[in-house]
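predicted model and sequence below, questions to follow.
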Amino acid sequence: MKTRFLFPYRFKIIGWILLVPSFILGLLLILSDQDIFNLEATVFALYDSGIFEPVKAFSPIRNNIVDELIAITAIVGGLLAAFSREKDEDEYISQIRLESLLWATYINYGFLIFSIVFIYGIAFYQVLLLNMLTVLLIFLIRFNFILYRTSKAYA
Amino acid sequence: MKNTLKVQRAIHNLTQEELAKKIGVSRQTINAMELSKYVPSTVLALKLARVFDQKVEDIFTLEEDD
C-alpha cells in the first residue's frame, strides 16, 4: 500500500536505538535536577531569559548543551520509531496508526490538564519537560500493543 | 459483516502468513479480518475473492446491524 509521510521501514530500528538511551538519560536529568556531565559550548540564542543574568537576544551565549542534545536525540528517535513504515504497512495498520494517534493526543492532554490542576512549582516545569515526549510514547505503546495483540489473538 | 475467510483459507490449505503474502498485507490484517475486528477495503475484498476464485459476496455477507 502506498503510504505518504512515513519513513522507510529500516529507520524504525534506528529510532528505537536513539530513543531508549536518550529517554533514560533525559529522565535521570529531569529527576536528579543536576548536570550529569558538562559540555559547554557557544550557541546562538534567539532569546535567553537568564534567571540571574540579564536577558539576551540574538546573541551568542555559553551553555551546557547536554540537555539540548538529549532532547533532540529523544525527539528524533521517537519520531523515527513511531512513524517509520511497518514491514507490511497496509490498510489495517494505517487504521491502527490513526486510532493510536488520536488516543495518544487525548491521553496526553488529559495528563496535562490533570497536571495543571494538581501539580505546582518546579515540578510542573518537570511535567512540561516530560510532556515533550508523552504524545510519542503513548502512541508507541498503544500502536505496538494492538499490533502485538492482533498477531497473537487466535481466530 | 460476516466472512468465511477462515473456511476459505482451510479449503485452499493456506496459512495466515501465506495468504497475507499472496495479497500483500500483514498477517495481523488477515487475523483481524478473521476475528471480524476489521472490515477490509473494497480493493482488499476483491483481492481475497480473486485468490479464492470466488465472488466477494460468497466470502463477505452483511449482517442485520450493518
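Everything's here; your move.

show me which helix or strand of chain A is least confident by mean pLDDT.
Within chain A, no helix or strand scores below strand A:56-64, which has a mean of 90 by mean pLDDT, DSSP states H and E.

could you identify the helix or strand that succeeds that strand?
Remark: after strand A:56-64, the chain's next helix or strand is helix A:66-82, criterion DSSP states H and E.

for that next one, what is the average pLDDT?
Averaging pLDDT along helix A:66-82 gives 96.

now it, how far from the centre of its chain.
6 Å (Cα atoms, centre = their mean, to the nearest Å).

what does that helix contact?
Contact with helix A:66-82 is made by A:7, A:11-12, A:14-20, A:22-23, A:25-26, A:29, A:35-39, A:43, A:132-133, A:136-137, A:139-140, A:143, as judged by Cβ atoms under 8 Å, 6 or more residues apart in numbering or on different chains. C-betas here are computed from N, CA, C, even on glycine.

same check on stretch B:41-50?
In contact with stretch B:41-50 (Cβ under 8 Å, 6+ apart) are residues A:90-91, B:5, B:8, B:23-25, B:29, B:40, B:55-56, B:58-60.

could you pull out the buried residues of stretch B:47-61?
For stretch B:47-61, a neighbour-count test (16 or more other Cβ atoms under 10 Å in any protein chain shown) marks B:47-49, B:51-52, B:56, B:59-60 as buried.

now stretch A:123-142
For stretch A:123-142, the buried set under the neighbour-count rule, 16+ other Cβ under 10 Å, comprises A:127, A:130, A:133-140, A:142.

equivalent analysis for stretch A:22-32, please.
Buried-residue list, stretch A:22-32, by 16+ other Cβ under 10 Å: A:22-23, A:25-26, A:29.

using CSV, write down the CA coordinates of it.
Extracted in CSV, the C-alpha atoms of stretch A:22-32 (Å, rounded to 0.1, in the frame of the first residue of the first chain):
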residue,chain,number,x,y,z
SER,A,22,18.3,9.3,25.4
PHE,A,23,14.9,8.9,27.1
ILE,A,24,16.5,7.1,30.2
LEU,A,25,19.3,9.8,30.3
GLY,A,26,16.7,12.6,30.0
LEU,A,27,14.6,11.1,32.7
LEU,A,28,17.6,10.9,35.0
LEU,A,29,18.5,14.5,34.1
ILE,A,30,14.9,15.7,34.9
LEU,A,31,14.6,13.8,38.2
SER,A,32,18.0,14.4,39.6
